[in-house]
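A.B. asks: With the sequence up front, the predicted model follows.
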Amino acid sequence: MTGRRVHERYECDLPAVLVWDDQEHHATVSNISLGGIFLLTDLSVPFGAPVIVRLRLPALKEEASFKMTVRWTRPDGVGFQFGSLRAIEVWGLNQYFKGLTVSPET
């Protein structure tokens, strides 16, 4: 890996719900790692904003709800960093990664 990334990033197409400012917004996760996600959305969320992102990971029985922080934005979406992950969430993410392709993005 190059740059500042600590975790491998994987390409995906995973529906998500972004909860910000007490409103739900549907979006799509286009890449994911143990460090965070990139959501395709036209929503403008400010740097540092705390949000909740809900995902359904195939290995988990219930929808997972993650506390996240905005770390960067692009015209097509927003990059988020995970807050504290529970062991079951790390396991669910790692199970999901097994079926994905490593992203060429750095």
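C.D. replies: Everything's here; your move.
A.B. asks: which residues of the chain fall in helices?
C.D. replies: When secondary structure is read from DSSP state H, the chain shows helices at 87-97.
A.B. asks: Where does pLDDT dip in it?
C.D. replies: Applying pLDDT under 70 to the predicted model, the residue ranges of the chain that meet it are 1-5, 105-106.
A.B. asks: Spatially central residue in it, please.
C.D. replies: Closest to where the C-alpha atoms of the chain average out (C-alpha atoms, centre = their mean) is I37, at 2.6 Å.
A.B. asks: Please name the residues that touch it.
C.D. replies: Residues in contact with I37, defined by C-beta atoms under 8 Å, 6 or more residues apart in numbering, are A16, V29, N31, V53, M68, G79, F80, F82. Heads up, the C-betas are built off the backbone N, CA and C, glycines and all.
A.B. asks: Next up, the contacts around the fourth one.
C.D. replies: In this case it means V53. So, once contact is read as C-beta under 8 Å, 6+ apart, V53 ends up touching A16, V17, L18, V19, I37, L39, S65, F66, M68, F80.
A.B. asks: Tell me what it is bridged to.
C.D. replies: Listed by DSSP bridges, the beta-bridge partners for V53 are L18, F66.
A.B. asks: how much space between it and F47?
C.D. replies: Look at V53 and F47: by C-beta to C-beta, to the nearest Å, they are 16 Å apart.
A.B. asks: before we move on, what about the last one?
C.D. replies: Taking C-beta to C-beta as the criterion, F82 is separated from F47 by 16 Å.
A.B. asks: Same drill for those two, tell me which one is more crowded.
C.D. replies: Between F82 and F47, counted using other C-beta atoms under 10 Å, F82 has the larger neighbour count: 20 against 11.
A.B. asks: so what's that one bridging to?
C.D. replies: With beta bridges defined as DSSP bridges, F82 has these partners: M68.
A.B. asks: the strands in the chain, which residues?
C.D. replies: Listed in chain order, the strands found in the chain under DSSP state E are 10-20, 23-32, 36-40, 50-55, 64-74, 77-82, 101-102.
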